[in-house]
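[1] Dropping the sequence and predicted coords here.
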Amino acid sequence: MNEIALLIAATLASGTPVALAGLGLLLNEKAGVLNLGAEGMMLVAAVAGFAVAFHTGSDWVAMGAGALAGMAMALAFGWLVIWLGTNQYATGLALSLIGGGLSAFVGLGYVGKKLSERTVFDIPGLADLPFVGPAFFRQHPMTYIAIVATLAIAWFLYRSRGGLVLRAIGESPESAHFLGYRVRLIRLAAVLAGGALCGVAGAFLSVVYAPLWVEGLVAGRGWIALALTTFATWRPWRVLLGAYLFGGVTMVQFFLQGEGVEIASQLLSMLPYLATIVVLALISRNPAWIRINMPASLGRPFHPGS
Amino acid sequence: MTEMNKRFLLKVAAGAIAVAALAGCGKSEPPKAPEPAKKAEAAPPPPPKPEPLKAAWVYVGPVGDAGWTFAHDNGRKAVEAEYGDKIKTTFVEKVPYGADAERVIRDLAAQGNKIIFATSFGYMEPMLKVAGEFPDIKFEHATGYKTAPNMRIYDSSFYQDAYMAGIIAGKMSKTGTIGFVGSFPIPEVLRNINAFTLGAQTVNPKIKTKVVWVSTWFDPPKEAEAAQSLINGGADVLLQNTDSTAVLQTAEKNGKFAFGWDSDMSAFAPKAHLASAIVDWSGYYKRAIKEVMDNTWKTERTVLGVKEGANDLIKIADVVPEDIRKKVAEVKDGMKAGTFEVFTGPVLDNTGKERLAKDAKADQAWKDKVDFYVKGVDGKIPAAK
Amino acid sequence: MFRLEARPQPSRAMTVASPLLALLLTAGLAALLFVLLGKNPLAGLSAYFLEPLNGRRQLTEVALKATPLILCALGLAVCYRSNVWNIGAEGQFVLGAITAGGLALWMTSVGFKASAWIITPLILAAGALGGMAWAAIVAFLRDRFNASEILVSLMLVYVAQQLLNYLVFVTWKDPKGFSMPHTPTFDAATWLPNLVPQSRLHVGALVALVLVAVFWAFIFRSWRGFQLQVGGLSPAAARYAGFSARAALWTALLVSGAMAGLAGAMEAAGPLRQLTPYVSTGYGFTAIIVCFVGRLHPVGILFSGVLLSMFLIGGELGQSRLGLPNALTGVFQGLLLFLLLACDTLIAYRVRWVGAVPAGGAGR
């Protein structure tokens, strides 16, 4: 029983960074911009976050730095894609590549460095409850922040005026332009917000989750986060659930190995990726689901003059 | 942008530049060039010195990994310190296995290096091919099994460290379950898992070992997840055959115990750290260079261990009781004297089959072929058919 | 203040000049980085741009490394021109190595002997089919379930790598290999014939050159190639003209899968001659850069493949000659692609000086 509780706890922790990045990308995509550079932004943010945590000793300052680093990367992307109208796919891929190289280069001196003492975040009282305590109340605050962020983003997108404008731009930038909205600036804001959330996720990985810096630390989580937005048919709560699902599958395969299940570990390691593909196929198969929620202008450039 | 934000950015930028500069300096190990120039200014040109011996190292990881590559690079630095301007060393880090390795090794050979060390298993075939083309150059391959007239192999005995760590783990485990984060199911790693378990059984015969494979030598988040999973499964003392500090740090976070691997990792987890299993290659590297200088180098296989002063278990934590420290010290003395062998029969595998007869001592051939878990380890090896 | 102004017509001159400009800017930034690292910038640039071309050994190595890059990128160009975003060439490459390696292992175990004229085409075909099959999964899931090809092709990279791990650790492990993760060495009869004596350059390089010509003809001179591009640019227009977006999807993915698989087969039966878990060192991903830097044009890809190969080898030389960190190579690759995208704007726009910004204005 206790093992199940711990499995839940590990799943939540493992899903959190993916959820944060996925939520950021969701904002991006709701505005009609597809940023394939998530992995690169997360890597640069991870090294920036680690460096700041190393020098200041504060995790929270580090995550702020991660957010800024993510935004800086997103700014370069946004300028190319939104103002210069470059191909979003190619630019995003370039961002991923440059992020990988840059983070490895900048991070050279931080490989094998140790951060100051880690803090334990048990919620007094609740943490000692049987089962639910270890399962839910011994998490890093970022786990709860991710849930609150989901709530906030869901509210923003579907209950606020700003969210309505954002979605309108994602659906039809031309009409939004006619209505007098500054499409490119709003798109840039969404891209920056996406960069910030990816950045926080990257910094969380290097500062809290690992907590270490090595080259390629993010190890594909940026791509998983991108998959999540489609998975979730662009719905915030489903992004969060999808992230936990991915975290769960990852942890379950280790759990099965530890229990001595006689399946080759190489085959078990395929599980998270196979699961992603299967769920993706299942969700995408119903075109109605996708069409209702997918921003119609996703991936298309917008030129105000044309 | 607020003032605060600006400061962050500045700090990050400054950090980045500082790191870049540091990295640049740290890397350029042979900045010996300016030295002769200075001398030339002060004094008349010195008599022509003999050309320094050129030696090169090929690394699989970054030199700063605090693990396997770091240990080899310390060995290289020791060589530089020992031979000074009689030697010029070069290294190439993060060389991928396969086609790239062959090119790197060939290029180093063509650059006039007289001895080349390839420090990981995956360089075996590439090095063998290049060795055939450069008969005058000496090639040294760590952890492999193929040799040539001008290529020899060397290895360490981490399983001796793992055995001593096991003794401590057997005592410190309250749950009777210990955990091992494995990289790849190759004989070396299986030896370590088995030795760790056998060591623990000398203190607590009922101890169980759980193993989780991560299919990588170095992926901290994955190592951390694997360690967490072992802890969730009841393991309270962990050892790993991966190169980062993530397992140790995960144990610290969970209030469990673990060991350092490859280098002294005590600083990473003051409470969880029980001891560090290390290897020191400098003795071997100095010897190999000397043999090339003296022209006494010949093809052989060297297996270094505690006896040769290469492997050791260091920084045993204060929480480890006195009787256990004594026991470890005794075992270490036995290893030093060459009288103690970790794999002494009877050794049963975890299906109950006898793998080593009673009182038999394992020879090198036996150790090279380990492909089973000893009794007490849970599960089945993923490499077994 | 500068302002971007749309050109009435895309500039042909800039189409050619922009990659060169991007390369020049990359080299400039690289020189700056070398100075920051306290190295002689000229020596650094020479390690990346001159030394890889110095002498027969280096030249053949550049060609050897460029071959898989060019092959993968040719296939990807067809994909991207058809608006099919396959980014999983790496996985298709691995699969090609697996199937070609599997055939070579089988030939080795049964002692199959025949002329290289028979064996080499068989091995290469096996690789191409393997890559094709892996890409077909992507096409199927896109076609049948509408699943994003970007994500599926990428996820399949991880799956392919684990499949390779499983094969070399378990099924095909060399029984005499001390349980180490590699297959036996293939029989010499299955190796790709050499092209230049005393080098590792194999006939694959020649095949790649021929395929550059074939792809040029296919893309620019064939009806099918034209259909693909129209189908990619505007599915609606394509339907109107009677082209099928489905056919475009399948063709693009199968072609690119076959090319990546072919590259994988050449790596396995060329320089490696056995399977290990490390068959690819990111060729499939680097090929994406090659493809864009070559602006999806077969001849451009030929040049950019060689250029990127020089970068990669230059990175190694920079380490052993100057002690430059390995991570620089990745920075340069990303920079080059990024700058190219930025420079490409100059094809459709021109930069115009429109006078000074009023004081206090947030000019840029």
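    Alright, I've got the coordinates.
[2] close to chain B, is stretch A:234-247?
    No. Contact of stretch A:234-247 with chain B (C-beta under 8 Å from any C-beta of the partner chain) is absent, the minimum separation being 9.0 Å. Just so you know, the C-beta spots here come from the backbone N, C-alpha and C atoms, and that holds for glycine as well.
[3] Kindly format the C-alpha coordinates of that stretch as PDB.
    Taking C-alpha atoms only, stretch A:234-247 is exported to PDB below (Å, rounded to 0.1, in the frame of the first residue of the first chain):
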ATOM      1  CA  TRP A 234      -5.300  22.100 -26.200                       C
ATOM      2  CA  ARG A 235      -7.000  21.800 -22.800                       C
ATOM      3  CA  PRO A 236      -5.000  22.900 -19.700                       C
ATOM      4  CA  TRP A 237      -6.300  20.200 -17.300                       C
ATOM      5  CA  ARG A 238      -5.600  17.500 -19.800                       C
ATOM      6  CA  VAL A 239      -2.000  18.800 -20.200                       C
ATOM      7  CA  LEU A 240      -1.600  18.300 -16.500                       C
ATOM      8  CA  LEU A 241      -3.100  14.800 -16.500                       C
ATOM      9  CA  GLY A 242      -1.100  13.800 -19.600                       C
ATOM     10  CA  ALA A 243       2.100  14.900 -17.800                       C
ATOM     11  CA  TYR A 244       1.200  12.800 -14.800                       C
ATOM     12  CA  LEU A 245       0.400   9.900 -17.100                       C
ATOM     13  CA  PHE A 246       3.900  10.200 -18.700                       C
ATOM     14  CA  GLY A 247       5.500  10.500 -15.300                       C
END
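[4] got the buried residues for it?
    When burial is assessed from 16 or more other C-beta atoms under 10 Å in any protein chain shown, stretch A:234-247 yields the following buried residues: A:234-236, A:238-247.
[5] Tell me where chain A has helices.
    Listed from the start of the chain, chain A has helices (DSSP state H) covering A:2-30, A:38-56, A:59-78, A:88-106, A:132-136, A:141-159, A:161-171, A:173-178, A:183-204, A:221-231, A:236-258, A:265-284, A:287-293.
[6] among these, which is nearest chain C?
    Minimum separation from chain C across those (C-beta to the nearest C-beta) falls at helix A:88-106, 2.6 Å.
[7] Averaged pLDDT, that closest one. What do you get?
    Summarised as a single mean, pLDDT over helix A:88-106 is 86.
[8] what do you get for stretch A:284-294?
    Taken as a whole, stretch A:284-294 carries a mean pLDDT of 73.
[9] Can you tell me what sits against it?
    A:230, A:233-235, A:283, C:144-148 (C-beta atoms under 8 Å, 6 or more residues apart in numbering or on different chains).
[10] Send over that stretch as PDB, restricted to the C-alpha atoms.
    Presented in PDB, the C-alpha positions along stretch A:284-294 are these (Å, rounded to 0.1, in the frame of the first residue of the first chain):
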ATOM      1  CA  SER A 284      -6.000  12.300 -32.800                       C
ATOM      2  CA  ARG A 285      -8.200   9.800 -34.500                       C
ATOM      3  CA  ASN A 286     -11.300  11.700 -33.800                       C
ATOM      4  CA  PRO A 287     -10.900  14.800 -36.000                       C
ATOM      5  CA  ALA A 288     -13.800  16.500 -34.300                       C
ATOM      6  CA  TRP A 289     -11.900  16.600 -31.000                       C
ATOM      7  CA  ILE A 290      -8.900  18.100 -32.600                       C
ATOM      8  CA  ARG A 291     -10.800  20.500 -34.700                       C
ATOM      9  CA  ILE A 292     -12.800  22.000 -31.900                       C
ATOM     10  CA  ASN A 293      -9.800  22.900 -29.800                       C
ATOM     11  CA  MET A 294      -6.900  23.200 -32.200                       C
END
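[11] Name the nearest of the contacts of stretch A:284-294 relative to chain B.
    residue A:230 (23.5 Å).
[12] returning to that earlier point: show me the two of the buried residues of stretch A:234-247 that sit farthest apart.
    Maximum pairwise distance in those, criterion C-beta to C-beta, is 20.5 Å, between A:234 and A:247.
[13] ok, back up a step: which of the buried residues of stretch A:234-247 are close to chain C?
    Restricting these to those adjacent to chain C (criterion: C-beta under 8 Å from any C-beta) removes every one of them.
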